Every structure is written in C-alpha cells, then in structure tokens.
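*Asks:* generate a structure from the sequence data that follows.
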Amino acid sequence: MFLGKALGPFLAVIGLVLLSFAVQAQDAQQSAVGVEAWGQTALEAERVLNNPAATDAELDAVRARIAIDRSQARTIVETGSVEARALRAQLEVLGPAPDDPASEPEPLRKQREELSLALAKADVPVVQAEMAFRRADTLIKELDHRIRGLNNTQLLSGGPSPLLPTAWVAAATEGLEMLKVATWTTGQAFTGPVDQLVQRLFRAILLIAGGTFILVVGYRGMLRRFETTLIDTPHKARRAALIGASYAARFVVPAIGGYLIVGGLFALGIGTMAEDTVGAVLILTPFAVIGAHWLGTVAFAPSAPALRFVTVSDETARAGRRYCDGLGWTLVAGAVVEAAKQAFRFTPEALSVFAAIVVLMGSFFLWNLAKVLLLAKDQAEEVPARDGLLSQSVLNAIARLMQLSVVAAIVASLVGYTQLAQQALFPMILSLGLVVISLMLQAIIVAAIHGFMGIRKSKNTSLSGLVPVIVGIAVFLVSLPLYAMVWGARTTDLSEAWILASEGVDLGGVRLSANALIVLIMVFAIGLFLTRWLQSFLEISVLPKTRMDTGGRNAVVTGVGYLGVTAAALLAVSLAGLNLSNLAIVAGALSVGIGFGLQAVVSNFVSGIILLVERPVKEGDWIEVAGQTGIVRKIAVRSTRIETFDRHDVIVPNSELITGVVKNMMLSSKSGRIIVPVGVGFDSDLDRVRDLLLAAARDHNGVLAQPAPLVMFMGIGEYALNFELRCFVGDVTSGALIRSDLFFDIFRDLRRAGIEIPFPQRDVQVRPKPQPRRATRKPAARDTKQA
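*Replies:* Below you'll find the predicted structure:
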C-alpha cells in the first residue's frame, strides 16, 4: 500500500544497515556455512529463475538467501586459510624449487613435497568458496534482471482511461458502496454497553482535546518563543543549537498533538475494525500532514525571514507553505486510495478515476509550488539572500523538474497509465521533502561550524562562503541512497552498489574502493589540519621568540607546510592500502614527455625551494630584477610577487631571481648611501657652503653619524660650483624621503646665508628676417641678335 511507499525509503536504509551488521556477524561465525548449503540455495535460485510464473516475492526471497551465501563465500575468499598462509611462509623459507629436482638434497625435497601437498589441501575451502561466490554472483545478476523486468512491466501496464464516461459511473457507484461500508464499520465502534461507551468517549475527548490544545495554543506559543530567543542570541554556537532545537520542536510538538487526536479516534474504536485500512490511514495522516506543514515552515518560514531558505516575500512564503500543506493532504489521499484497494474490490475503471483525482490534486499543488520557487528570481533583489545555502540556479532547476513531473503525471494518468503517473508524481513530492531536510541539516551544521570555529563573514569571507558548499556536498552525498530509494531503487540495488564500491575498480593495478577513498580523504584532511595547526603554532608562539627576521620566519612556516602536505599525502596513500608501484612505470614514461612541457614550471619550482633555503632574497627586501624595482611581498613555489613604489604588483618567475642579475639593496644591511647634489654661485664662500651642508646632514635624525657625512667639491660647471653631500641612512627604503628633507633644509639655510643658487642663463639674439633676392632676367638670344 501507499504507506509502505511513503515510509519505505527511510525504513529501508535503516534495515539495510542492520542487515549488513547481521550479515557480518553471521560471516564471523561461519559455523552453519558449508558448500552443501550454498549449493542447495543456488539450486533453489535456478529453479525459481526457470519458473516463468515466479512472483516478485519469490524472487526477492531467494535473492536474499543467496546474497547471504555470497557474502559468506566472499569473506572466506578474502580472509583465506590461516593454515595455507602458514604453509606458504614455510615454503618461502625453502626458496624456489631448483630446475633439476635431483640436485636438491633428499630431506629438503621431501619436505617441499609434503608442504606443497598440505598447501593444496588447505586451499580447497578457499577454492570452493571462490566457485560458490562466482555462481551466487551470477545468479544474483540474473535475479535482479528478472525483478527489474517485472517491475518495468507492471509500471508500464496500461488500463482504462479516466476520461471515459463509464469509468466515472463505475467510480461513483463503487465509491458510494465503499462509503456505506465505511459508515457501517464506523458505526459499529459506538455499539456495546453504555458504561464502556462512556469510558471510551471520555478517554477520546481527553486525548482529542489535549491534541487540539497542543496544535492550536502550544505550537504557536513555542514558535514565538523560539523566534524571540533566536533574535536575541548573538552567540554563534548557542544560535546553532537553538536553530536545531527549533527545527526539531516544530515537528515533534505538532506530531504529538496529531497522534493524540489519532489516539482519541482509536479510543472510540475507529480503525480497529479494519486494522489494515482505516488504521493505517489514521497512522499516516499526522505524519504526512504535519510533516508537509513542517517542511513548508522550514523552507519558507513565513514568520521568520532570517530562517527562510527561499528568498521570497512574506506573502509568497505563506502561499508556498499552503501548497506544501496541500502536498501533505495529497499523500493522505493516495494512502486512502491504496487502503481502499486493499479493503474493497474496485473495477479498473473506478481505480483509474480515483488515481486520476489524486494525481490532479497533487499536480495542482506541485505546479503552484514550482511557480513560487520561480518567483524567487524576481523577488531576489527585494528580499535578502539566505547565506547562499540554495542558489537561484538550483531553485530554477528544481522548479522546472517539478513542472516536468506534473506534465508527465497528468498525461500518463489521462491515458490510463496509473502506476507511471504515480511514479512521476509521488517520488517528486518525497524528493522535495528530502531537499528541505538536507537544507535544514546543512544550515545547522554550518551554523555550528561557524560558531565553534569563530568564522565571521566580515573577516573570513572566503572561508564563510566555502563552508556551506562543502557541507552541502557532504549532506547530498550522504542522502543519495534515500533519493535512490524514493525513485524506485530497491534495498538490494543499494547493497549491490555498496558491494561494488567496497570492492572498488582496478585502474592500472591500483584498486580504488569506497573504503580506500574514505580513508585517503580522512587521513589527508587530518594531516592537512595538523600541518596548518603546526604552522600557526610556529608563527604565533615559537618563531616570534627567536632572532629570525620576518623573511626567515616565513621561510620556516612555508617549508613546514610543504613537508606536512607531502607527509600527509604519503601517509594517506599508505594507510589507504593503495599500491602505486604499478603506476610508477607509467609515471616514469609520462615524466619524460611532461618534463619537456613543464620544464619552465619545474625550474621555477626548484628555484623557489632554493630561494627559501639560501634566502638571497627575503620578503620585505628592496630589490631590482628584470628591470623592475620594488619590495618583495611574497615568495611562492613558482613565482615571487614584488610591489613597486607605485603600488603595482609584479609577478616575477623564481628562475629570474636565481639565474638572473638581482640587485638587493637590503641583503646584508638596511643602511645605504644617498647623494644630494647642490650648485652655488661663483662668488660663494666655499667653506661656508661646506659647513652648511654638513650641518644640515648632522641635524637630520635619519642620517647616520658613522660613517660621517661628507661634502665633496665635484667641479666648476658652466654656471655653478657643483657640490655633493654624501651621507648614510639607517633604512635605505626611506632614502628618498630623507633626500627631500635635506633639500628643504639646504635651500632654506643657503637663502638665509645669502648664498646664491644659480640657474642656467641663455642669451637670445633676435635677427631681422633676410629679404629674398630678385633674380635678374637675361635677354633672350633672339633679342640679342636683333640688338
């Protein structure tokens, strides 16, 4: 019935886990396991497969038994025989057998033969288990193929269309008959002795009143209390706990009220007359209705916009929750139809009409809910986003899938494919519930991580944005089995997928399995965490107490990071049991071709390591390389970032710093010399000029006393006597500023002393514009003759 379809995926995963533990316990005992028992189960499976009329129940039953046998056989194959391992160890001591058996001493030869014979006998159970495993595995594949074929046939089986008038006549007639029977069955609950009836009424009234009070008064008061507390709680960890408690209480409290009401109905005797029909519907109704309302409240949060997953307005959020409530009642309607099929014998025409009504009901609410999700795109600018837990592209994709599911369900239902229509509609409704539950878990985990790790959006923008993505991917991967079960996957399909993931696939001699990947990721993550913690500990607590400069500290921290990541990767590969020896040959062959293509990258990488070890250039140095001058800000593995004095970042490959010419103004010392050129007039007092220049240098705090400042007479220029003030400063990076200060002081002192500071003079002569000459005209030859 539909109750099993609705709750089956969630209960099946739990059953699968319990079944795996039971199988493991049975594998450990192996007392009742034998080749004969495996053979009998295999024969039974072959008999069922050869029966064309075998039902799903028979196929599932024999498959479950043979799956247990296969698991036991696989355990024996994997563990092997302890006796066989001991015998192989003894044979290894003897070494390989010689080519000529006669050349081996007689005692050693006899001992080798005895050990080989004993090893062959010890390997018999393993060989038999391997044969049983292969046989069982082949039979399981055949059974799965047969079961899938039956399911597909049932799913694609058509029936009468609900558009036929005869179908509606049959539905009305049989529906009224069912109501008469249900009314008579319900009336039987109020028959009996008066005193017992009064007691049952009293208990029912108490239960129904209590449940109603919880639903109407207690639930609303609880919501207001949680919302007020969440607003007034700035602490991240406590806020995460309150959010989780709020989500849980929003389902638990109304569920208690709903099931109290159901208990009151059972106290009246309703549901006891048809335990498999009315009772099942009564049990499912609070779960479906309250669960749908809870999911709508969690997703849209009409009264708490801060907790809203979908960025819509308050009015749209209330509409979205109403449509979620409608989906809950659709599940109840589907359960009623399934229960009626079990209790009454309806004709196919009537069933097609009932199923079409349920499909149209669910399609209406699902289509409108999709429209609400699409409205989030238009209202995204008006309503603040919810921490990026659900992007708009994902919302649009979900909404389009919902609309596609609605169209498929309606078309399939109208043409008579009832099972196909239900398969298109109800799994989509349950998948939406899984999406909301996943978002809720993601929000709780993200809030907890932010609270316990002290991550703030204002200070850790990239980290605060990355955590929801990682948590969301992890939650989605964990919930994948539930999605598979919702859309029709069987427990056996999940078990086969888990077996395949556990066994892994062979890639180049390396077997990759789910267990190996989990160990690999976890060990590497722990190693990376410890490396980052050690780097932080050295950078904050240890290195500041040493005499190392900033560049040396950064080099030590960077080196520890490289070593830690390398050690974590090697340890993760080792503990995961991955044998990379087979890949070494392939890697060696590829390294030749890759080496030519990545030789520049490798050169820069090696140069970066040399820079960190020899430290010819440190962070904070003022260098000049490849025509660029600036301060070294970051030395990475491949390149070095230099900040010019114009605040431009220049990325220089590390090979340039090793193989090229580098001018480091701060390698051995930060002190350096500056030169201040000064020109004075020809009639100036030279001694007075020298004294003024030396006084300006000695009065400046940035100029070093040793080596002492020096004034040099550089020569007689065209229009001035040229002097140079040469002095040393403690920090060469401030040399330009000190030169500017000295120019200010020298100019002021020379002005006060009346010493002329000449400037170039040029004489400009203005000449009149020369008049152009007039050419004299020579007489023509004929004129001359005439003359």
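
*Asks:* may I have the phi/psi pair for residue 624?
*Replies:* Backbone torsions of residue 624, given as degrees, to the nearest 10, read phi -130, psi 120.

*Asks:* and it, bridged to which residues?
*Replies:* Per DSSP bridges, residues listed as beta-bridge partners of residue 624: residue 629, residue 663.

*Asks:* how many neighbours does it have?
*Replies:* 14 (other C-beta atoms under 10 Å). Bear in mind the C-beta positions are built from the backbone N, C-alpha and C, glycine included.

*Asks:* list the contacts of it.
*Replies:* 662, 663, 665 (C-beta atoms under 8 Å, 6 or more residues apart in numbering).

*Asks:* how close does it sit to residue 668?
*Replies:* Using C-beta to C-beta, to the nearest Å, one gets 16 Å for the distance from residue 624 to residue 668.

*Asks:* any idea how far apart the tips of stretch 156-163 sit?
*Replies:* Across stretch 156-163, the terminal residues are separated by 19 Å (C-alpha to C-alpha, to the nearest Å).

*Asks:* ok, residues contacting that stretch?
*Replies:* 167-168, 348-349, 351-353, 355-356, 413-420.

*Asks:* give me the mean pLDDT for that stretch.
*Replies:* What stretch 156-163 shows for mean pLDDT is 84.

*Asks:* start the count at 41, not 1, going forward
*Replies:* New numbering, starting at 41: the last item is stretch 196-203.

*Asks:* residues of that stretch that come out buried?
*Replies:* Buried positions in stretch 196-203, judged by neighbour count with 16 or more other C-beta atoms under 10 Å: 199, 200, 201, 202.

*Asks:* what is the three-state secondary structure of the first one?
*Replies:* What it means is residue 199. Following DSSP: H, G, I helix; E, B strand; the rest coil, we place residue 199 in the coil state.

*Asks:* and it, how far from residue 188?
*Replies:* From residue 199 across to residue 188, the span is 22 Å (C-beta to C-beta).

*Asks:* one more: the second one?
*Replies:* Shown here: residue 200 relative to residue 188, a distance of 27 Å by C-beta to C-beta.

*Asks:* now do the helices in the stretch 141-290 of the chain.
*Replies:* Under the criterion DSSP state H, counting those that start in this stretch, the stretch 141-290 of the chain carries helices at the ranges 146-162, 164-195, 205-228, 234-253, 259-271, 276-308.

*Asks:* now the next helix or strand after the longest one - C-alpha only, PDB.
*Replies:* Tracing the chain past helix 276-308, the next element assigned as helix or strand by DSSP states H and E is helix 318-340. What follows is helix 318-340, C-alpha atoms only, in PDB (Å, rounded to 0.1, in the frame of the first residue of the first chain):
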ATOM      1  CA  VAL A 318      -8.500   2.800   8.300                       C
ATOM      2  CA  GLY A 319      -5.900   2.300  11.000                       C
ATOM      3  CA  ALA A 320      -3.100   2.600   8.500                       C
ATOM      4  CA  VAL A 321      -4.500   5.800   7.100                       C
ATOM      5  CA  LEU A 322      -5.000   7.200  10.500                       C
ATOM      6  CA  ILE A 323      -1.400   6.500  11.400                       C
ATOM      7  CA  LEU A 324      -0.100   8.000   8.200                       C
ATOM      8  CA  THR A 325      -2.200  11.200   8.300                       C
ATOM      9  CA  PRO A 326      -0.500  13.100  11.100                       C
ATOM     10  CA  PHE A 327       2.900  12.100   9.700                       C
ATOM     11  CA  ALA A 328       2.100  13.300   6.200                       C
ATOM     12  CA  VAL A 329       0.100  16.400   7.000                       C
ATOM     13  CA  ILE A 330       2.300  17.600   9.900                       C
ATOM     14  CA  GLY A 331       5.500  16.600   8.100                       C
ATOM     15  CA  ALA A 332       4.400  18.600   5.000                       C
ATOM     16  CA  HIS A 333       3.500  21.600   7.100                       C
ATOM     17  CA  TRP A 334       6.800  21.400   8.900                       C
ATOM     18  CA  LEU A 335       8.800  21.200   5.600                       C
ATOM     19  CA  GLY A 336       6.900  24.200   4.300                       C
ATOM     20  CA  THR A 337       7.600  26.100   7.500                       C
ATOM     21  CA  VAL A 338      11.300  25.200   7.400                       C
ATOM     22  CA  ALA A 339      11.600  26.100   3.700                       C
ATOM     23  CA  PHE A 340       9.600  29.300   3.600                       C
END
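
*Asks:* per-residue confidence averaged over helix 318-340?
*Replies:* In this model, helix 318-340 has an average pLDDT of 85.

*Asks:* quick one: buried residues of it?
*Replies:* Neighbour counts over helix 318-340 (16+ other C-beta under 10 Å) mark 318-340 as buried.

*Asks:* same for that helix, what does it pack against?
*Replies:* helix 42-69, helix 276-308, helix 354-383, helix 458-493 (3 or more C-beta pairs under 8 Å, 6 or more residues apart in numbering; DSSP states H and E).

*Asks:* tabulate the helices of the stretch 141-290 of the chain (a markdown table), appending mean neighbour count.
*Replies:* Shown next, in a markdown table, are the helices of the stretch 141-290 of the chain (neighbours: other C-beta atoms under 10 Å):
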| stretch | mean neighbour count |
| --- | --- |
| helix 146-162 | 14 |
| helix 164-195 | 16 |
| helix 205-228 | 14 |
| helix 234-253 | 14 |
| helix 259-271 | 14 |
| helix 276-308 | 19 |
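
*Asks:* worst mean pLDDT among the ones you listed?
*Replies:* helix 259-271 (a mean of 65).

*Asks:* where along the stretch 591-740 of the chain do the helices fall?
*Replies:* Secondary structure of the stretch 591-740 of the chain (DSSP H, counting those that start in this stretch): helices at 621-637, 639-654, 694-699, 726-739.
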